[in-house]
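Colleague: A predicted structure for the sequence below; I have some questions about it.
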Amino acid sequence: MFQKILIANRGEIACRVAATAARLGVQTVAVYSDADAKAAHVQACDEAVHIGGAAVQDSYLQWQRILDAAVQTGAQAVHPGYGFLSENADFAKACAKAGLVFIGPGVEAIQAMGLKAASKQLMEKAGVPLVPGYHGADQSPAVLASEAKRIGFPVLIKASAGGGGKGMRIVHKDSDFADALASCQREAKNSFGDDAVLIEKYVQRPRHIEIQVFGDSQGNVIHLHERDCSVQRRHQKVLEESPAPGMSADMRERMGAAAIAAAKAVNYVGAGTVEFIVEQSERGMEFFFMEMNTRLQVEHPVTEAVTGLDLVEWQLRIACGEPLPLTQAQVHVNGHAIEARICAETPEHDFLPAIGHLHVLKAPPASRFSVSPIRWDSGVREGDSISPHYDSMIAKLIVHGETREQALARLDQALSQLHVSGVQNNVAFLRRLLRTDSFAHAQLDTALITREHAKLFGQIGLPITHAVAAAVAAQLRAEQPPSMGWTDPWSLRNDWLLQGQSRRHFVFHCHGVAYPAVLTRTVRGGMTLRMADQEAAFDWADEAGPLQWHWGSQSLRCHVYRHGQDSHVFAEAGEVCLTRIDPLAHDSQDSVVSGNLAAPMPGKLLSFAVSVGEKVAAGQALAVMEAMKMEHTVAAPTAGTVAELLYAPGDQVAEGAPLLRLTTE
């Protein structure tokens, strides 16, 4: 076994690798950027080396600095994690040249599977079924458009060198192809340094099922069964589970054999994932090779949960030259596991990534980086910030149960116990997603979120009146004097009075709507609360963390976290964030300047699609922004004329900053 390894990554996966290394007695070296000087992965490792600026191009993609750090610290091997340099053949080659073991497959395997077009040609020779498409070298727009017509719309454009949903677009008609192609190529060039694409027939009602494979240097290859990753947004996975529901034993066996054939075709060594697209039709399910990821996957914990294995340990042992620890016959699946990705994003606004400070991050009772009924894998802590420089994932929540139904129940309960405040996130969305008929009954495909749109968006599980009552109780709790003995009543900060009644008016805002409340207190200490034309007796109790209030016949046990004027209420039924408005405060300027179009998130302006003086229609594309390695098209909220462009392509733009000015009739 290695004595010391360098982890060429950051965040959750760097913490994950460090945990297994520590258990095995292997020392670890972290690398970090300016933005990550105090990050969790730095503290998780035995040593740490600074490698550059906050942008990935200035740090985590600077492989010579990473190799220098490995050599200087005496590391014997480099674990690339996932993303960044994990599938970069040149980096793997440079590791070998520097005398370092690359904990991953050989250079030839990375090169063979790194380009989607070339890998599909290789898989065709190996007898692995393929989706009809174009994987040729001629990348001229005319040829690509012609091939799309030949294949037949709808088609899928995919970056040949990429993954993770970047450089991917579905095109439903010929007239949209040119714009979609240009956008894919820009995104692919920015993310992978290669703008080559391939065109495939877009499979109707597709499922995304992948097989975890492992190979050793002795020529043995086995699979560790499958994961279903069909539930996606923006072509990126949201929920992953193992085993895949509804698969017959025959199909499972055939897919496993195809995955092994794919790995053997490139003499694969280490951890990899063979991804298949599965078409569902009246004839049944038919699978096609999609791509092979030559690295550890984000969703590997669900495989660990059902097999009881540590895949990072396997990676380290195989990189040391050891044979596979088990044979195919010795690999067994126990129960069912589901992983939910907790992301800083805004589901109500097309899942745009969000940034901010994690004022609150309370995880459910769970273990870290180990097999257990509930597992919490994260690279951030309460008090950290989610920056625009890196991926928006906060954590992964993994649950295991004897059955899928039990795993679903455990995941919903764990999500209800997860409190995240200060950064917009997808926790409430995930709870709604679990409860849809489609997911609950395993009617899975990549369009599930679109199909269940009405049940997933615009919904609030916790009634606003309950949240307001909780916010009022939290305000009263904050005004209580510290328990230091008797305090004279004239020194109290609450609404104590000598006689009569007192009334306090509260106004809370949620999603732009005002919710007033009136609290009345009598000289005898009783209280009533009036909201939405209803008034009833009100009282509350502090239970060392949870807050319990009673309003007439209604009651609620909840947690309330206050930061400034914001009160974030968490309860079993859901969560609501309220902002208290001071009725005596007056803002002399509107927060939004009429006629301006604001950036929906911080990022870089890539291009404008319009010019000054041009008339535009509502919904027309105006600009393209890039944030967290993804492109986002900004559309006109209303018809008008472009009066002024306020930025130039390439400029960094803050969230809420006006991009351009429209004049309307």
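Modeller: Yep, it's here. These figures come from a predicted structure and were not determined experimentally.
Colleague: measure the closest residue to residue 522 other than its chain neighbours to residue 237 for me?
Modeller: Leaving aside its chain neighbours, residue 522 sits nearest to residue 501 (5.5 Å; criterion: C-beta to C-beta, 6 or more residues apart in numbering). Every residue, glycine included, has its C-beta placed from N, CA and C. Remark: distance between residue 501 and residue 237 (C-beta to C-beta, to the nearest Å) = 57 Å.
Colleague: give the next helix or strand downstream of the helix or strand of the chain with the lowest mean pLDDT.
Modeller: Lowest on mean pLDDT, DSSP states H and E among the helices and strands of the chain sits strand 596-598, with a mean of 67. Using DSSP states H and E, the helix or strand that directly follows strand 596-598 along the chain is strand 603-608.
Colleague: what is that following strand packed up against?
Modeller: Applying 3 or more C-beta pairs under 8 Å, 6 or more residues apart in numbering; DSSP states H and E, we find strand 603-608 packed against strand 621-627, strand 652-653.
Colleague: strands paired with that strand, and their directions?
Modeller: Strand 603-608 pairs in its sheet with strand 621-627 (antiparallel), strand 652-653 (antiparallel), by DSSP bridges.
Colleague: now distance to residue 469 too, for the ones you listed, in CSV please.
Modeller: Formatted as CSV, the strands paired with strand 603-608 follow (distance: least, C-beta to C-beta, whole Å):
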stretch, distance to residue 469
strand 621-627, 37
strand 652-653, 40
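Colleague: of these, flag the one that's most buried.
Modeller: Comparing the strands paired with strand 603-608 by mean neighbour count (mean count of other C-beta atoms under 10 Å), strand 621-627 comes out on top with a mean of 20.
Colleague: SS state for the closest residue to residue 530 other than its chain neighbours?
Modeller: Closest residue to residue 530 apart from its sequence neighbours, by C-beta to C-beta, 6+ apart: residue 518 at 4.5 Å. On the three-state scheme (DSSP: H, G, I helix; E, B strand; the rest coil), residue 518 is labelled strand.
Colleague: swap in residue 175?
Modeller: Here residue 175 is recorded as helix under three-state DSSP.
Colleague: show the pLDDT at it.
Modeller: At residue 175, the model reports a pLDDT of 94.
Colleague: what of residue 601?
Modeller: 69.
Colleague: contact partners for the residue lying closest to residue 360 once chain neighbours are set aside?
Modeller: Of all residues beyond its chain neighbours, the one nearest residue 360 is residue 421 (3.8 Å), with distances taken as C-beta to C-beta, 6+ apart. Shown in contact with residue 421 (C-beta atoms under 8 Å, 6 or more residues apart in numbering): 358-360, 561, 563, 566, 568, 577.
Colleague: more neighbours: which of residue 501 and residue 237?
Modeller: The neighbour count for residue 501 versus residue 237, taken as other C-beta atoms under 10 Å, is higher for residue 237 (22 against 12).
Colleague: work out for me the element the residue lying closest to that one once chain neighbours are set aside sits within.
Modeller: Spatial nearest neighbour of residue 237, chain neighbours left out: residue 229 (4.6 Å); criterion: C-beta to C-beta, 6+ apart. In this assignment (DSSP H and E), residue 229 forms part of strand 221-233.
Colleague: please apply the same query to residue 22.
Modeller: Here residue 22 sits within helix 11-23, counting by DSSP H and E.
Colleague: just give me how far that helix sits from the chain centre.
Modeller: Offset of helix 11-23 from its chain centre (C-alpha atoms, centre = their mean, to the nearest Å): 19 Å.
Colleague: can you give me phi and psi for residue 155?
Modeller: For residue 155, the backbone dihedrals are phi -120, psi 160 (criterion: degrees, to the nearest 10).
Colleague: fine by me, we can end here.
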